[in-house]
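any chance you could fold what I've pasted below:
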Amino acid sequence: MSDAAGEHTVDRNDRLVILASSVGTVIEWYDFYLYGSLAAIITAQFFSGVNETTGFIFALMAFAAGFAVRPFGAIVFGRLGDLWGRKNTFLITMLLMGLSTFVVGLLPSYAMIGVAAPVVLILMRLVQGLALGGEYGGAATYVAEHAPPGKRGFYTSFIQITATAGLMLSLLVILGVRSVIGEDAFKDWGWRIPFLVSILLLGVSLWIRLKLSESPAFQRMKAEGKGSTTPLKDSFGKWPNLKLVLLALFGLAAGQAVVWYTGQFYALFFVEKTLKVDPALANVLIATALFLATPFFVFWGWLSDKVGRKPIILIGCLLAALTYFPLFHALTGAANPQLAAATAAAPVTVAADPADCSFQFDPVGKAKFNSSCDMAKSYLAKAGVTYETVATPAGSVAEVRIGEQVIPGLADPAGKADWEKGLGAALTAAGYPAKADSALVNKPLVVGILFLLVLYVTMVYGPIAAALVEMFPTKVRYTSMSLPYHIGNGWFGGFLPTTAFAMVAATGNIYYGLWYPVVVALLTVIVGGLLIRDRKDVDIHE
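Have a look, this model is predicted:
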């Protein structure tokens, strides 16, 4: 990799490093995101013992569980990576990820083994999260330490493609299986096939990664005896390095994470769950947008070598924060124009005594939400209808107002079925659709909006690996960069779908959950803008 003059040149081994690191990481992200892509089916298979809203929140929580433990995986495997080497560590993480995904494909449903099913499912998610917590830092550090000066952004941008490529691959496999066996069979048993296929992908990726040698920076550090024997203490127990970790988290990773998960996962949940677009069509639309936007990861990584990492990441966060609300409103109009028209022409209001209204989250499936307010809100949430709540005098029975029409509330739950039928008929008469009409979906416009959301993702994510690698010395780089990245992406980002959906359920406003990524993205713009120093030209081998 070096010529006689000591100048780094791009050779065949560089390409192998990028290919092997990227392919392996694609497979890990594919495994991880199968769950998110199939959240609605996972709800029915593993959380059927609770009500629908609670079940979906639980499914999202199980999805988020994998993210919750990612920082712990970063600590465990980051320490191993700084002690034992980059290559050996991310071989272990890949093996753990692939096997836990394969087990999910074999796992019996709630109907077969009861509560043991979601327990084992969450356990596998925790193993996945731990493994992924160690994977990314290893791959990003390994590639960056191979990159020639002035090309770290470009080289590591191929690692940044892997998350989107893994998501896209999971969507394509799901679409392929759905089209071959049909929707009914897919919901019944076919959803297992993408999980089981992962064992073949695991074998291929392990074979490729075994061809790699250790990072030259790590080898030189060890040869010179400059490695850290206490990477955790050196990373987090000494203020100069801990300060950098905190700045990396709040000034880069947190905003990058919420933009990433809003533009890809929350957008998919919103289109499929809230706007009720046919799942197969929703997958095609998001996969198309991902395919079109993916090259921009490399573009922004390349550009960051010229202008710096910081301006590109922070501009992406700022653009996202300023445009999310209008973009998601436009997405509603394009994906479900009947819903948008009905919401504008006949807005829905629940007029109720605030004391009569509960936050309808039932962890064990035993609670009965039978007040007049709860029955009204429960039905509207299940129907995907956005509404506002207006306070009425204490003791009054809730009523639903659809435009000028008033639907009296129900005081006695015994008549719930007939009352819901009447409310459904009133909503239909006002133009509210039970689901989006696929023929009316403005597919080019939906893809265009989703493309713009993913373009923001490429801006914040393309340069992030290089930016984090450059902040920390070689002896603690794996550990130090992994923790802020995985707290940002595991906690700030991973909990975004759950938090946003719960905010929507609590308020009745389908756009209210967007406040979460907007506020976090703006926080990163402020902290990063004031306190982060761009280090694109630093020598990371010192």
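
ends of stretch 508-515, what's the gap?
Stretch 508-515 has an end-to-end distance of 14 Å (criterion: CA to CA, to the nearest Å).

any idea of the mean pLDDT in that stretch?
Stretch 508-515 shows a mean pLDDT of 90.

pretty sure Val277 sits in a strand.
No. Using DSSP: H, G, I helix; E, B strand; the rest coil, the secondary structure at Val277 is coil, not a strand.

the residue nearest to it when sequence neighbours are not counted: neighbour count?
In space, and not counting its chain neighbours, Val277 is closest to Ala436: 4.5 Å by CB to CB, 6 or more residues apart in numbering. C-beta here means a position set from N, CA and C on the backbone, and glycine is covered the same way. Neighbourhood size, Ala436 [other CB atoms under 10 Å]: 23.

let me see the mean pLDDT of the helix or strand Ala344 falls within.
Per DSSP states H and E, Ala344 falls inside helix 337-345. Averaging pLDDT along helix 337-345 gives 93.

surely the residue nearest to Val277 is within a helix?
No. Assigned with three-state DSSP, Ala436 falls outside any helix and is coil.

what's it sitting at in phi/psi?
Ala436 adopts backbone torsions of phi -70, psi 140, taken as degrees, to the nearest 10.

residues in contact with Phe186?
Residues near Phe186 by CB atoms under 8 Å, 6 or more residues apart in numbering: 41, 177-178.

looking at the chain, which helix or strand does the model trust least?
helix 216-223 (a mean of 61; mean pLDDT, DSSP states H and E).

I'd like to know how many residues surround Phe195.
Neighbour tally, Phe195, other CB under 10 Å: 23.

isn't it up against Ser100?
No. In this structure, Phe195 is not within contact of Ser100 by CB atoms under 8 Å, at 9.9 Å.

what's the pLDDT at the most centrally placed residue in the chain?
Computing the C-alpha centroid of the chain and ranking residues by CA atoms, centre = their mean puts Tyr261 first, at 3.9 Å. Looking at Tyr261, its pLDDT stands at 89.

quick one: the strands in this structure, in order.
For the chain, the strands defined by DSSP state E occupy 348-352, 387-391, 399-402, 405-408.

coming back round to it: just the ones of the contacts of Phe186 in helices?
Among the contacts of Phe186, DSSP state H puts 41, 177-178 in helices.

quick one: contacts for Phe77?
Counted by CB under 8 Å, 6+ apart, Phe77 has contacts 89-90, 92-93, 130-131, 133-135, 137-138, 478, 482.

sorry, slip of the keys, the one I care about is Lys416.
Remark: with contacts taken as CB under 8 Å, 6+ apart, Lys416 is in contact with 370, 375, 410.

which of these has the largest number of neighbours?
Neighbour max across the contacts of Lys416 (other CB under 10 Å) = Leu410, 24 neighbours.

these two touch, right, that one and Trp419?
Yes. Look at Leu410 against Trp419 with CB under 8 Å: they come within range, at 4.4 Å.

what do these two both touch?
Met375.

neighbours around Ala465, how many?
Residues near Ala465, counting by other CB under 10 Å: 28.

do you know the pLDDT at it?
With respect to pLDDT, Ala465 scores 89.

for Leu314, same thing?
pLDDT at Leu314 comes out at 97.

same deal with the one 4 residues further on?
Reading off the per-residue confidence, Leu318 sits at a pLDDT of 98.

what sits against it?
Leu318 makes contact with 521-522, 525, according to CB under 8 Å, 6+ apart.

at 7 Å what do you get?
For Leu318, the contacting residues are Val525, by CB atoms under 7 Å, 6 or more residues apart in numbering.

what about Lys233, distance to Pro484?
17 Å (CB to CB, to the nearest Å).

who has more neighbours, these two?
For the pair Lys233 and Pro484, the greater number of neighbours falls to Pro484 (25 against 12), based on other CB under 10 Å.

residues touching that one, list them.
245, 248-249, 253.

switch to 8 Å and redo it
Pro484 neighbours (CB under 8 Å, 6+ apart): 245-246, 248-249, 252-253, 468.

quick check, pLDDT for it.
The score at Pro484 is 89. That number is its pLDDT.

repeat for Ala59
On the pLDDT scale, Ala59 gets 70.

next, the buried residues of stretch 137-151.
137-147, 151 (16 or more other CB atoms under 10 Å).

how far off centre is it?
Chain-centre distance of stretch 137-151: 24 Å, with CA atoms, centre = their mean, to the nearest Å.

report the mean confidence score over that stretch.
80.

least confident pick among the contacts of Lys416?
Asn370 (75).

next up, the contacts around that residue.
413, 416.

ok, the one 5 residues further on next?
By CB under 8 Å, 6+ apart, Met375 lies in contact with 369, 398, 409-410, 413, 416, 419-420.

distance of it relative to Phe270?
In terms of CB to CB, Met375 sits 25 Å off from Phe270.

returning to what we had before: closest to Tyr456 out of the strands of the chain?
Tyr456 lies closest to strand 387-391 among the strands of the chain, at 29.1 Å (CB to CB).

just checking, what packs against that closest one?
When contacts are defined as 3 or more CB pairs under 8 Å, 6 or more residues apart in numbering; DSSP states H and E, strand 387-391 packs onto strand 348-352, helix 372-382.

run through who's touching that strand.
347-354, 357, 377, 380, 400, 507-509.

can you turn the buried part of these into a PyMOL selection?
Buried residues among those (16+ other CB under 10 Å), as a PyMOL selection:
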select buried, resi 348+349+350+351+352+353+357+377+380+400+507+508
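
before we move on, the earlier item: Ala341: which of the contacts of Lys416 is nearest?
Closest to Ala341, out of all of the contacts of Lys416 and judged by CB to CB, is Met375, at 26.5 Å.

which ones are touching the closest residue to Val469 other than its chain neighbours?
Excluding its sequence neighbours, the residue lying closest to Val469 (CB to CB, 6+ apart) is Ala144, at 4.1 Å. Ala144 makes contacts with 152, 155-156, 465-466, 469-470, 540, as judged by CB under 8 Å, 6+ apart.

next: Ala467.
For Ala467, counting by CB under 8 Å, 6+ apart, the contacting residues are 248, 252, 304, 309-310, 313, 534-535.

now with 10 Å, please.
Applying CB atoms under 10 Å, 6 or more residues apart in numbering to Ala467 gives the contacts 152-153, 156, 248, 251-253, 256, 304, 308-310, 312-313, 481, 528, 532, 534-536.

wait, Gly190 sits on Val173?
No. Between Gly190 and Val173 there is no contact under CB atoms under 10 Å: 11.0 Å.

and the nearest residue to Lys310 once chain neighbours are set aside, how many neighbours does it have?
Spatial nearest neighbour of Lys310, excluding adjacent residues (CB to CB, 6+ apart): Asp534 at 4.4 Å. Residue neighbour count, defined by other CB under 10 Å, stands at 17 for Asp534.

separation between Asp534 and Val245?
From Asp534 to Val245 the distance is 18 Å (CB to CB).

need the nearest residue in space to Val103, chain neighbours excluded.
Once flanking residues are discounted, Val103 sits nearest to Met124: 5.4 Å by CB to CB, 6+ apart.

mind listing the helices in the stretch 351-500 of the chain by residue range?
372-382, 416-429, 443-461, 464-469, 477-487, 496-507 (DSSP state H, counting those that start in this stretch).

for the ones you listed, could you give me JSON lines that also reports distance to Ala280?
Below are the helices of the stretch 351-500 of the chain laid out as JSON lines (distance: least, CB to CB, whole Å):
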{"stretch": "helix 372-382", "distance to Ala280": "21"}
{"stretch": "helix 416-429", "distance to Ala280": "24"}
{"stretch": "helix 443-461", "distance to Ala280": "13"}
{"stretch": "helix 464-469", "distance to Ala280": "32"}
{"stretch": "helix 477-487", "distance to Ala280": "32"}
{"stretch": "helix 496-507", "distance to Ala280": "20"}
